[in-house]
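**Q** Dropping a prediction and its sequence here:
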Amino acid sequence: MFRKLYDWTMRQAARPKAGRALAVVSFLESSIFPIPPDVMLIPMCLANRERAFQYALICSVASVLGGIAGYAIGHFLIETMGQWIINLYGYADKWHAFEAAYAEWGVWIILIKGLTPIPYKLVTIASGAAHFSLTVFILASIVTRGIRFFLIAGLLWKFGPPIREFIERRLAVLMWIFFIGLIGGFVVIKYLV
């Protein structure tokens, strides 16, 4: 199953419109979508290493723009759409604690959580709900998302063939690790934050 999904993703990554799809996923992940753009960024960089930094730029810009949309959801729609998203991901009972931590450590939360698999949409919505400085939010988002995506692209550009071989030999194990990490990010927010 994982092999077919991987092969399909690699074929899609090599298509001319792959950058647009990456932008859409990156934008939506920062505000509402549960799957991180890494699932597209990594195969795209492996399929076309010469465009790795272009893909990182697309991912970063779209993610920051999606973050601004998430900020707007938190700022203007927290009682409706924002609360619905928070409930959808199961974070309603931890929301007030997250808001309190955010009021004290806002910029650090953006910088740290933007680098991790912890759902970034919660950071963007919380930023808007806390009426955190939009300028500081955007600057911190540019830094953290840029570092994350350019680091991935840089590693894949530099070490692409051995990484691709490693991934392809251990595909099933790596996919399970990815899914556990993704679910773990949600669990960390729900129970530990």
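**A** Alright, I've got the coordinates.

**Q** Can you tell me how far the residue nearest in space to the middle of the chain is from Ser30?
**A** When C-alpha atoms, centre = their mean is applied to the chain, the residue found nearest the centroid is Pro36 (4.1 Å). With the distance defined as C-beta to C-beta, to the nearest Å, Pro36 ends up 10 Å from Ser30. C-betas here are computed from N, CA, C, even on glycine.

**Q** Quickly list what's touching both of those two.
**A** Overlap of the contact sets of Pro36 and Ser30 (by C-beta atoms under 8 Å, 6 or more residues apart in numbering) consists of Tyr120.

**Q** if we can go back for a sec, which of the three states applies to the residue nearest to the centre of the chain?
**A** At Pro36 the chain is in coil, as set by DSSP: H, G, I helix; E, B strand; the rest coil.

**Q** Enumerate every residue touching the nearest residue to it once chain neighbours are set aside.
**A** Leaving aside its sequence neighbours, Pro36 sits nearest to Glu29 (C-beta to C-beta, 6 or more residues apart in numbering; 5.6 Å). Glu29 makes contact with Ile35, Pro36, Pro37, Ser63, Gly66, Tyr120, Lys121, according to C-beta under 8 Å, 6+ apart.

**Q** thinking again about what came up before, check the residue nearest to the centre of the chain and give its pLDDT.
**A** For Pro36, the model assigns a pLDDT of 82.

**Q** Low-confidence stretches in this structure?
**A** 1-9, 89, 115-118, 164, 167-168, 170-175, 177-179, 181-193 (pLDDT under 70).

**Q** Mind jotting down where the helices sit in it?
**A** 2-13, 18-29, 38-47, 52-76, 83-88, 95-113, 120-129, 134-169, 171-187 (DSSP state H).

**Q** List the contacts of the nearest residue in space to Phe53 that is not next to it in sequence.
**A** Of all residues not flanking Phe53 in the chain, Ala153 sits nearest, at 5.4 Å (C-beta to C-beta, 6+ apart). When contacts are counted by C-beta under 8 Å, 6+ apart, Ala153 touches Leu41, Cys45, Ala52, Phe53, Tyr55, Ala56.

**Q** Can you lay out those residues as JSON lines showing distance to Met81 and neighbour count?
**A** Below are the contacts of Ala153 laid out as JSON lines (distance: C-beta to C-beta, whole Å; neighbours: other C-beta atoms under 10 Å):
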{"residue": "Leu41", "distance to Met81": "27", "neighbour count": "25"}
{"residue": "Cys45", "distance to Met81": "33", "neighbour count": "28"}
{"residue": "Ala52", "distance to Met81": "35", "neighbour count": "25"}
{"residue": "Phe53", "distance to Met81": "34", "neighbour count": "16"}
{"residue": "Tyr55", "distance to Met81": "30", "neighbour count": "30"}
{"residue": "Ala56", "distance to Met81": "29", "neighbour count": "25"}
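
**Q** Between all of those, which two are separated the most?
**A** Leu41 and Phe53 (11.3 Å; C-beta to C-beta).

**Q** Alpha carbons of stretch 150-164, in CSV - could you do that?
**A** The C-alpha coordinates for stretch 150-164 follow below in CSV (Å, rounded to 0.1, in the frame of the first residue of the first chain):
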residue,chain,number,x,y,z
PHE,A,150,14.5,25.3,3.5
LEU,A,151,16.3,23.0,5.9
ILE,A,152,14.4,20.0,4.4
ALA,A,153,15.0,21.2,0.8
GLY,A,154,18.7,21.8,1.5
LEU,A,155,19.2,18.4,3.0
LEU,A,156,17.4,16.7,0.1
TRP,A,157,19.3,18.8,-2.5
LYS,A,158,22.7,18.0,-0.9
PHE,A,159,22.0,14.3,0.0
GLY,A,160,19.1,13.4,-2.3
PRO,A,161,20.2,10.1,-3.8
PRO,A,162,21.2,8.4,-0.6
ILE,A,163,18.1,9.8,1.2
ARG,A,164,15.9,8.6,-1.6
